[in-house]
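curious how this folds, go ahead:
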Amino acid sequence: MASERRPRLTPPIADVRRAVRRVLERREDAPLLLVALSGGADSLALAAAAAFEAPRAGWRAGAVVVDHGLQAGSSEQADGAASVARDLGLDPVLVRRVDATAAPGGDGPEGAARAARYAALDAAAREAGAELVLLGHTLDDQAETVLLGLARGSGAASLAGMAPRNGRYARPLLGIRRADTRQACRDAGLVPWDDPHNADSAYARVRVRERVLPVLEAELGPGVAEALARTAEQLREDEQAFAEQIDEFIEEICEPAEAGIAVSAAVLAANPAALRQRIIRHVVASEFGVALTRRQTLEVARLVTDWHGQGPIDLPGCRASRAGGRIEFTAR
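The predicted structure follows:
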């Protein structure tokens, strides 16, 4: 995977380094970050940039390689990626082997693999004491995520795409194109591994990458991926504003109910539909750990906006009903 590397600084290398630099606040206590390294061009360029930038910001940089065991030779590939990480100067370098087929996932094999991967990354970060885990998702990945969310009718939260920062996870490369990470590897003399699954049209994300986005670019002109990424950024801002509004007054409008929680119907009715429906989803998710679909959310909202004595609504894990001036959510 590795070849003789040229030390020459090129624009793609500089762009990736700059992206990493932006997420690393200067520290004096030498905290540890881990790069989630698959060996592909995105994570390999990220690992090389982290190895360069981390010590300059007072961080230690290591790597974690997750072997999903989904194809022949995956163990050797994982060991090869770990070897390259050590050559880059990353330490510690951890290899985690998981059974992706046994992991729970709500999105078929892709969801199962993702669940197994994040469980392994979480465990490795705890074991190593890492404050930060860097992920190699690029602008192209963000555009694909937005398109998939749009096709599934998943709402603004899904169309907002992947967050640049979520807990211990950071995605420095969301403003970098996939072609640039590959060029950065070439410029650094690094040879990335091409995962066969990334060319398998059985996966919806691959079809979006190989067929849908190229057609959009051809028919609408260049810049579609960047436009989708900008859309995600704008929607994340909107979602954050709504979340802050809800957090400000959610305690004022909720009160305990028998085996559950109640919300003032008058307050819900006084708010715009977008905020009302977010409050309903927030209350159910916080109290019962359930994510309502849009259809379920609108059924509950009709207890506020179209009340004519209808009975309780059965939801996953709970039941919604109107009692006087309150919407009550109770465990089933």
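
gap between G317 and I176?
To I176, G317 is 40 Å away according to Cβ to Cβ, to the nearest Å. (C-beta placed from N, C-alpha, C; glycine too.)

okay, the two: which has more neighbours?
I176 (24 against 13; other Cβ atoms under 10 Å).

spatially nearest residue to the more buried one, not counting backbone neighbours?
Excluding the flanking residues, the one nearest I176 by Cβ to Cβ, 6 or more residues apart in numbering is T138, at 5.4 Å.

thought G40 was touching the one you found, still the case?
No. Between T138 and G40 there is no contact under Cβ atoms under 8 Å: 10.4 Å.

got phi/psi on the spatially most central residue of the chain?
Residue closest to the average C-alpha location in the chain (Cα atoms, centre = their mean): M162, at 4.0 Å. Dihedral angles of M162 (phi, psi; degrees, to the nearest 10) stand at phi -90, psi 140.

confidence score at it?
M162 is assigned a predicted lDDT (pLDDT) of 93.

with S3 instead?
44.

can you count the residues close to A156?
Residues lying near A156 (other Cβ under 10 Å) number 15.

please state the offset of stretch 256-273 from the chain centre?
For stretch 256-273, the separation from the chain centroid amounts to 31 Å (computed by Cα atoms, centre = their mean, to the nearest Å).

now stretch 303-322
What separates the centre of stretch 303-322 from the centre of its chain is 33 Å, taken as Cα atoms, centre = their mean.

give me the mean pLDDT for it.
The pLDDT scores in stretch 303-322 average 94.

gap between S43 and L147?
22 Å.

so the two - more neighbours on which side?
Taking neighbours as other Cβ under 10 Å, S43 and L147 compare with S43 leading, 26 against 22.

my guess is the more buried one is in a helix, correct?
Yes. Counting by DSSP: H, G, I helix; E, B strand; the rest coil, S43 is found in a helix.

which one is it nearest to, not counting chain neighbours?
G136 (3.7 Å).

show the pLDDT at that neighbour.
Looking at G136, the pLDDT reads 97.

distance of it relative to L33?
G136 is 13 Å from L33, by Cβ to Cβ.

next SSE after the helix or strand hosting A241?
Using DSSP states H and E, the element containing A241 is helix 224-253. Once the chain leaves helix 224-253, the next helix or strand it forms, by DSSP H and E, is strand 254-257.

same for that next one, what does it pack against?
Using 3 or more Cβ pairs under 8 Å, 6 or more residues apart in numbering; DSSP states H and E as the contact test, the elements touching strand 254-257 are strand 260-264, strand 326-331.

residues in contact with the shortest one?
I take that to be strand 260-264. 253-256, 279-280, 283, 287, 318, 323, 325-331 (Cβ atoms under 8 Å, 6 or more residues apart in numbering).

make it 10 Å
With contacts defined as Cβ atoms under 10 Å, 6 or more residues apart in numbering, strand 260-264 is touched by 250, 252-257, 270, 276, 279-280, 283-284, 286-288, 300, 304, 318-332.

so what strands line up beside that strand?
Next to strand 260-264 in the sheet, as set by DSSP bridges, lie strand 254-257 (antiparallel), strand 326-331 (antiparallel).

for the stretch 201-332 of the chain, which spans come out with low pLDDT?
Nowhere does the stretch 201-332 of the chain drop to pLDDT under 70.

the residue nearest to I176 touches E226, doesn't it?
No. Look at T138 against E226 with Cβ atoms under 10 Å: they stay out of range, at 11.6 Å.

more neighbours: which of those two?
T138 (27 against 15).

got a list of what the more buried one touches?
16, 19, 41-42, 45-46, 144, 171-181, 225, 229.

from V98, how far out is it?
T138 sits 24 Å away from V98, going by Cβ to Cβ.

same question for S75.
From S75 to V98 the distance is 12 Å (Cβ to Cβ).

please, where are all the helices along this structure?
11-23, 41-56, 74-87, 108-128, 139-152, 156-159, 178-188, 204-207, 213-220, 224-253, 265-270, 273-288, 294-305 (DSSP state H).

mind putting those helices into JSON lines with distance to V64?
Shown next, in JSON lines, are those (distance: least, Cβ to Cβ, whole Å):
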{"stretch": "helix 11-23", "distance to V64": "16"}
{"stretch": "helix 41-56", "distance to V64": "10"}
{"stretch": "helix 74-87", "distance to V64": "9"}
{"stretch": "helix 108-128", "distance to V64": "4"}
{"stretch": "helix 139-152", "distance to V64": "19"}
{"stretch": "helix 156-159", "distance to V64": "27"}
{"stretch": "helix 178-188", "distance to V64": "19"}
{"stretch": "helix 204-207", "distance to V64": "22"}
{"stretch": "helix 213-220", "distance to V64": "30"}
{"stretch": "helix 224-253", "distance to V64": "26"}
{"stretch": "helix 265-270", "distance to V64": "45"}
{"stretch": "helix 273-288", "distance to V64": "30"}
{"stretch": "helix 294-305", "distance to V64": "36"}
